[in-house]
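[1] Task: produce atomic coordinates for the following.
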Amino acid sequence: MDNETALKIYEAERCIECGCCVAGCATANIREDFVGAAMINRVARFLVDPRDKRSKGQYFEVMGTEEGTFGCMGLMACDDNCPQEIPLQQQLAFVRRKMALYGIMGK
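    I've put the predicted structure just below:
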């Protein structure tokens, strides 16, 4: 694994799963079925990791929905509330792009 990939994995792994991102999230407060930034961050971590053998289709079932990445309103409260200062909106954008690409092209 190259250093750039390892650093991307490390960035996501810094999450301490405290729930501050979810507590401040307007979407999570309105919709109980929304997965939240912590889970989206965890999925971003696995999408980057070349050792993960799950298909994008398996992730799409969970994340390619309104309950997943497409349900986020993008108010950035997750970024504002993260004590680890993880760029959660950046992780969301990464996962959203992967899910959109899979939804359109099946790749």
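[2] I'd like the average pLDDT over stretch 68-78.
    Stretch 68-78 shows a mean pLDDT of 93.
[3] Give me the buried positions along it.
    68-69, 71-72, 77-78 (16 or more other Cβ atoms under 10 Å). The C-beta positions use only the backbone N, C-alpha and C, and glycine is treated the same way.
[4] Greatest separation within those residues: which pair is it?
    The largest separation in the buried residues of stretch 68-78, counting by Cβ to Cβ, is between Gly68 and Ala77 at 17.6 Å.
[5] circling back: among the buried residues of stretch 68-78, which are located in helices?
    Among those, the ones falling in helices (DSSP state H) are 77-78.
[6] wait, which of the buried residues of stretch 68-78 is closest to Glu17?
    For the buried residues of stretch 68-78, the nearest to Glu17 is Cys78 (12.9 Å; Cβ to Cβ).
[7] I'd say the closest one and Thr27 touch.
    No. Counting by Cβ atoms under 8 Å, Cys78 does not reach Thr27; the two are 9.4 Å apart.
[8] what's next to the helix or strand of the chain with the lowest mean pLDDT, contact-wise?
    One helix or strand of the chain scores below all others by mean pLDDT, DSSP states H and E: helix 56-63, with a mean of 91. Contact with helix 56-63 is made by 35, 40, 43, 46-47, 68-69, 95, 98-99, 102-103, 106-107, as judged by Cβ atoms under 8 Å, 6 or more residues apart in numbering.
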